[in-house]
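Mind looking at a prediction? Sequence and model below.
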Amino acid sequence: VQVYEEKGGRLQQTPTRKRLQDSRLVSRFRREDILSDVLLARTPALPLTMHAAEAGLCQDILLWGLRLMADLVHRGKGERLLQLLGRLPAPCHGGWIPLAQSSFGPGWPSTNGDAVAAYLRRINTAEARTVRDRLLLPPDDQCWGREGTLYLDLLRLVGVFDGLRLLPIPSQFEGSKGDFKLPKNAPPGFSAEDWRAYREATRNTVSPAYKSGTYEVRGLHAVPGLEQHASFDEGTRLAFMDVVFRSAGEWQRGWEEVTIERVFGNADTLKLPSPLAWKLRQCEWIGVESDDGVTWGRPADRWHVPAHDLAGGRAWQFLHLRPLPARLANLLDLQPRLAAAMQRLGMPHFDPETKSPSSRLLDALAEATSGKHIRNWDIFLGQVRAAWRGFEPTGAGDFPRRLLIHGDSAQLSLHTPEPDHPA
């Protein structure tokens, strides 16, 4: 049936096509219509067990949808279609769930799936099992037609997560203006000890507008296994560190903060640092391996020195700053969102070329003189000079309390200026 004809150098619909379409006897073959009116309309309610009667239908729907969309992605089109595609069933270790809610699992090349699976195997919590059940089956599984790698780029665009997903945690509590604090019982994903410390740290740091009311904590998330971190063995602690560095740059924006909303009555909105961010700031979860074993520290204890500064065997020049290993520094260099997240957790960044009112580098260099890691004082002095060049105070309060000065000897010495003893 001819559906277009040329008139005056332009293609127009034929009368036949117009009558068929107006009578709704025939629908246009558009990808969006196929996805929404055919594939999604036939998709069973999800989640679904892997061996359910509708599993074969889920596989057919998935593969048809992926093949339908593959060429549009390479042409840079189809944003609306990607949203529809994300609702199609995906084969995971726990069954069939929507694609956009899944994460890459073991066996997917150029992803973090193997690292995530290795960490989850080491912990045994309900939250870990929930995340493990949402890992995609390997690309050579029959559910992918044994050719899942063909759709790797498309799956990324759809929203399949590459790393360890955060788990959303719902929470409601009764709050009062006189003594405003979070609920006493720890939510899933946090130990009783950590939750108690977090409640005390945030107690009365915000003030509600009303004397009482029911409040809901929104944006509360947990990392599977974090509540057991204190009892992890060394291998599990290293695996935890690995997946956090691989994942934090992709976590949803705003995870470092929670919003507290009044549920009934007049609105009241409060904001607090999230318990997850608080824990990652306080906890010594970053491990650096050496001949003497693994040394653990908080983000604030390790400097992000760019990998190019550490290259060529120059890492020894920065030992007094306790820098991240080059592998982790390279991750931060390549992922600005990850680097920004680590800085918000307290990790200092070695960048003396950028003007800053912060005296943190000057303070760290001053502190280093009391240690044993300065191997070359000329190189160290160059770092001190670079730090002063990058220091741009906005007021007297920005200046460091202790200064490195040349005394009678050629060595630098530490001096705390006083009115009677200026530097």
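It's in. Residues are numbered from 1 along each chain as shown.

what phi and what psi does the backbone show at G382?
phi -60, psi -40 (degrees, to the nearest 10).

And the contacts of whichever helix in the chain runs longest?
When secondary structure is assigned using DSSP state H, the longest helix within the chain turns out to be helix 55-74. With Cβ atoms under 8 Å, 6 or more residues apart in numbering as the test, helix 55-74 has contacts from 31, 34-35, 39, 42-44, 48-49, 78, 81-82, 85, 88-91, 96, 99, 143-145, 150-151, 153-154, 157. Where C-beta positions appear, they are placed from N, C-alpha and C, glycine not excepted.

And the following helix or strand past it, what's buried?
With elements assigned by DSSP states H and E, the helix or strand that comes after helix 55-74 is helix 79-85. Residues L81, L82, L84, L85 are the ones in helix 79-85 that count as buried (16 or more other Cβ atoms under 10 Å).

cool, and stretch 40-48?
Buried, per 16+ other Cβ under 10 Å, within stretch 40-48: T43, L46, P47, L48.

Let me see the ranges of the strands in the stretch 1-150 of the chain.
Assigned strands in the stretch 1-150 of the chain, in chain order: 4-7, 10-13, 89-92, 95-98 (criterion: DSSP state E, counting those that start in this stretch).

Would you mind pulling up the elements that the third one packs against?
Same thing as strand 89-92. helix 55-74, strand 95-98 (3 or more Cβ pairs under 8 Å, 6 or more residues apart in numbering; DSSP states H and E).

where does D162 land on pLDDT?
Turning to D162, the model gives it a pLDDT of 98.

my read: it touches R156, true?
Yes: counting by Cβ atoms under 8 Å, a contact exists between D162 and R156, whose distance comes to 6.9 Å.

quick one, which of those two is more surrounded?
D162 (19 against 15; other Cβ atoms under 10 Å).

for that one, what are its contacts?
Listed by Cβ under 8 Å, 6+ apart, the contact partners of D162 are S103, F104, T111, N112, G113, R156, E250.

Low-confidence regions, the stretch 101-250 of the chain specifically.
Residues of the stretch 101-250 of the chain meeting the criterion pLDDT under 70: 173-180.

How about the helix or strand where W195 lies, which residues are buried there?
Assigned by DSSP H and E, W195 belongs to helix 192-202. By 16+ other Cβ under 10 Å, the buried positions in helix 192-202 come out as D194, W195, Y198, T202.

following that helix, which helix or strand comes up?
Counting by DSSP H and E, the next helix or strand C-terminal to helix 192-202 is strand 212-218.

And the buried residues of helix 192-202, which two are furthest apart?
With Cβ to Cβ as the measure, no two of these lie farther apart than D194 and T202, at 12.4 Å.

one step back: return the members of the contacts of D162 classed as buried.
S103, F104, T111, N112, G113, E250.
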